[in-house]
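Peer 1: Dropping a prediction and its sequence here:
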Amino acid sequence: MKKRHIILRMLKLVSPLLPQMLLAITFGVIGFLCAIGIPVLACYGVINIFVENELPSWILYALVACAILRGLLHYAEQYFNHLIAFKILALLRHIVFEKMSLLAPARLEERDKGDLLAILLSDIELLEVFYAHTISPVAIAFVVSLVIIIFIGFIYWPAIFLTIFAFLFVGVGAPLFEARRCINLTNKVRDNFVELNDFMLDNINGIDEIVQFDCGTKRLNQLKDKTNTGLTNQKHLSLIVGLNNYITDACVWLSSLFMWLFLFIVYYYQKIDLSQMILIGITLMSSFGPVLALANLANTLPTTFKSANRVLRLLDEEPLIKEDNSHPDFEFSNAEIDNISFKYNNDNSFVLKDCSAVFENNNITGLCGQSGSGKSTILKLLMRFWDSNKGQILLSEKNITDINTNDLRKNEIYMTQETYIFDDTIFNNISLNREVSEGEVYEACRKANFHEEILNFSAGYQTRIGGQNNLLSGGEKQRIGLARAFLHNANLILLDEPTSNLDALNEATIFSAIKNNKENKAIILVSHRASTLSICDQIYQMDKINNI
């Protein structure tokens, strides 16, 4: 994506906060003019003392006013800039989260998890540079430079051209030169950050295997190598940033030197007097603050644009399945797959081919077969995580593509083989913060044969689990997943190996609850266990060539 398109789209986000942005720019312009005014007024006062042997009182009052206003206005400018930045970042996080919800699971399964983490944790945060330290400083630098050019022009108009050159040299030329030196290294630093994220996620997820097979030393050495590579790149980047700052300072001194040489020559030829020469020179030297703020952006702006590009590309990505709530309301009665075939995006072979099955209401239907025969895929297609390549999926004789997404989610519940536990209380992990009563949660846990066990936890249902407190066994996690399913009370219940981590006694209790609550529900059960499938009213055997 071209930089101008990135800038335009980022500016569009800040349009609702335009009044605050204008205030920040106004305060910044006046604040910098006050800062410049202090040495200029002091110089003017000294000139008055030597020329007229007196110091006008208004100069002292103006100096005090400039000093006080400079501090207050700088604070106000920074306050509004950061207020805008953090509001925009909060908005962006919400937008990105909503977008990821739309892309999941189909699109996100194709994405690098480390890259997604970098977008969420690093890229969005780096956009603060653009909103707090770019938009306002650019506008302030332009307005302040224009005022200074006009002021110097009133004193001696030929000095305007050298003033313009000085501002462009420091504020535009130097940053463009410096930015090119940073781009490659900033990309390497970010890529290393993504690689480290991926590697650390692998280590965290596979910590049991690392300990069991005693490969910790090898993994640690790999981590050191990746960290050292990142440190080397960061060190080189820091050296370049330091050199860029030196180049910027040198540009300021060179510009000032050329101006003083020019002023000395015109003074020598009596085109200006001594007081004009000193006033113009001091004014120029005091007015580089705003353009220096632009020059310093050369060290951060390339990284910011790369981060913005990645965030915007994620926001531009189209979900494989678009949510649609434009259809009439839907009530579930039964489900059917009719001659469906399906393959995943990056796979050349079909996972399902010409499959048909009927899942009746008030029935428990079992799906069994070899690994890879497409049992779990059927459940995902019924949830409409993907659309089939051929054939159709019918719910209540209605094509699944013609059913509102909201209705689909209300009428279906899908329990996967792995239950994710959030860093929250047991109660919130089961209710998922929906508006449900304690009694409903307790009843769902009784059906999952988990209620009495929860009461034995240190704080009962308010015990915090997940995150650093994730001490649940595989079976306890599965029963939380089952409690969620029971609580949702959907009409189409999709269970993928729901008791694989449970003992026979717990399994029997839970399946008894499932069987007793199948009225007005269609339940599809995927399992390899004969004991599990024994509760089914009908069973479909799936073979490796994906025929039912």
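Peer 2: Cool, the structure landed.

Peer 1: now the most centrally placed residue in the chain, nearest residue through space, not along the chain?
Peer 2: Nearest to the mean C-alpha position of the chain, by C-alpha atoms, centre = their mean, lies Leu120 at 2.8 Å. Excluding the flanking residues, the one nearest Leu120 by C-beta to C-beta, 6 or more residues apart in numbering is Val96, at 6.8 Å. Where C-beta positions appear, they are placed from N, C-alpha and C, glycine not excepted.

Peer 1: Contacts only, for the one you found.
Peer 2: Counting by C-beta atoms under 8 Å, 6 or more residues apart in numbering, Val96 makes contact with Ile119, Leu120, Ile124, Val311, Leu314, Leu315.

Peer 1: Give me the number of neighbouring residues for the third one.
Peer 2: Residues contacting Ile124 under the criterion other C-beta atoms under 10 Å number 21.

Peer 1: All further residue positions should be reported with the first residue as 863.
Peer 2: All set: I'll call the first residue 863, so the last point we hit is now Ile986.

Peer 1: For Gly1253, see how far away it is.
Peer 2: 41 Å (C-beta to C-beta, to the nearest Å).

Peer 1: Kindly report the same for the first one.
Peer 2: Going from Ile981 to Gly1253 by C-beta to C-beta gives 36 Å.

Peer 1: After the helix or strand of the chain with the lowest mean pLDDT, which helix or strand is next? Please name it.
Peer 2: Across the helices and strands of the chain, mean pLDDT, DSSP states H and E gives its lowest value to helix 975-980, namely a mean of 73. Proceeding N to C from helix 975-980, the next assigned helix or strand is helix 986-988, under DSSP states H and E.

Peer 1: Quick check: the farthest pair among the contacts of Val958?
Peer 2: Spatial extent of the contacts of Val958 (C-beta to C-beta) is set by the pair Leu982 and Leu1177 at 12.7 Å.

Peer 1: Using the three-state scheme, assign Phe1284.
Peer 2: Secondary structure state of Phe1284, per DSSP: H, G, I helix; E, B strand; the rest coil, is coil.

Peer 1: what's the closest non-adjacent residue to it?
Peer 2: Using C-beta to C-beta, 6+ apart, the nearest residue to Phe1284 is Gly1328, at 5.0 Å.

Peer 1: go on, Ile911?
Peer 2: Ile911 sits nearest to Leu917 (C-beta to C-beta, 6+ apart), 5.5 Å away.

Peer 1: next one: Leu1116
Peer 2: Phe1031 (7.8 Å).

Peer 1: Look up how far Asn1059 lies from Asn1332.
Peer 2: 20 Å.

Peer 1: buried stuff in stretch 1249-1267?
Peer 2: For stretch 1249-1267, a neighbour-count test (16 or more other C-beta atoms under 10 Å) marks Ser1250, Gly1253, Ile1255, Leu1256, Leu1257, Ser1258, Lys1260, Ile1262, Ile1265, Asn1266, Thr1267 as buried.

Peer 1: Looking at these, spot the one nearest His944.
Peer 2: Thr1267 (38.0 Å).

Peer 1: gap between that closest one and Asn1273?
Peer 2: 11 Å.

Peer 1: repeat for Phe1039
Peer 2: 62 Å.

Peer 1: Neighbour count for the two, which is higher?
Peer 2: Ranked by neighbour count (other C-beta under 10 Å), Phe1039 and Asn1273 place Asn1273 first, with 21 against 14.

Peer 1: tell me the pLDDT at that one?
Peer 2: With respect to pLDDT, Asn1273 scores 91.

Peer 1: Please apply the same query to Ser1149.
Peer 2: According to the model, Ser1149 carries a pLDDT of 91.

Peer 1: need the contact list for it.
Peer 2: Ile898, Val1006, Ser1007, Ile1010.

Peer 1: same thing but at 7 Å, please
Peer 2: Ile898, Val1006, Ile1010 (C-beta atoms under 7 Å, 6 or more residues apart in numbering).

Peer 1: Over to the closest residue to the last one other than its chain neighbours: give its phi and psi.
Peer 2: Meaning Ile1010. Among residues not flanking Ile1010 along the chain, Ser1149 sits closest, at 4.5 Å (C-beta to C-beta, 6+ apart). Phi and psi for Ser1149, reported as degrees, to the nearest 10, are phi -100, psi 10.

Peer 1: Nearest residue to Gly1343 in space, ignoring adjacent ones along the chain?
Peer 2: Nearest one to Gly1343, counting by C-beta to C-beta, 6+ apart, is Thr1281 at 3.5 Å.

Peer 1: do the same with Ser1211
Peer 2: Lys1205 (6.3 Å).

Peer 1: how near is that neighbour to Gln1279?
Peer 2: 21 Å.

Peer 1: what about these two, which has more around it?
Peer 2: Using other C-beta under 10 Å, the more surrounded residue of Lys1205 and Gln1279 is Lys1205, with 17 against 14.

Peer 1: Assign a three-state SS to Glu1198, would you?
Peer 2: strand.

Peer 1: Is it bridged to anything, and to what?
Peer 2: Going by DSSP bridges, Glu1198 is paired in beta bridges with Val1220, Leu1256.

Peer 1: The stretch 1113-1262 of the chain: helices as residue ranges?
Peer 2: Taking DSSP state H, counting those that start in this stretch, the helices of the stretch 1113-1262 of the chain run over residues 1136-1148, 1151-1158, 1163-1178, 1237-1244.

Peer 1: Turn those into JSON lines, columns for mean neighbour count.
Peer 2: Formatted as JSON lines, those follow (neighbours: other C-beta atoms under 10 Å):
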{"stretch": "helix 1136-1148", "mean neighbour count": "19"}
{"stretch": "helix 1151-1158", "mean neighbour count": "22"}
{"stretch": "helix 1163-1178", "mean neighbour count": "19"}
{"stretch": "helix 1237-1244", "mean neighbour count": "22"}
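
Peer 1: okay, these in a markdown table with distance to Leu1344 next?
Peer 2: Formatted as a markdown table, those follow (distance: least, C-beta to C-beta, whole Å):
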| stretch | distance to Leu1344 |
| --- | --- |
| helix 1136-1148 | 72 |
| helix 1151-1158 | 57 |
| helix 1163-1178 | 34 |
| helix 1237-1244 | 15 |
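
Peer 1: Would you quantify the distance from Glu1052 to Asp985?
Peer 2: Quick fix: residue 1052 is Arg, not Glu. 8 Å.

Peer 1: Please name the nearest non-neighbouring residue to His1189.
Peer 2: Spatially, and ignoring its direct neighbours in sequence, His1189 is nearest to Asn1266 (5.1 Å; C-beta to C-beta, 6+ apart).

Peer 1: shouldn't the one you found be in contact with Pro1190?
Peer 2: No: judged on C-beta atoms under 7 Å, Asn1266 makes no contact with Pro1190 at a distance of 8.1 Å.

Peer 1: Just name the closest of the contacts of Val958 to Glu1305, please.
Peer 2: Closest to Glu1305, out of all of these and judged by C-beta to C-beta, is Leu982, at 36.6 Å.

Peer 1: Could you measure from that closest one over to Arg1052?
Peer 2: Leu982 is 14 Å from Arg1052, by C-beta to C-beta.
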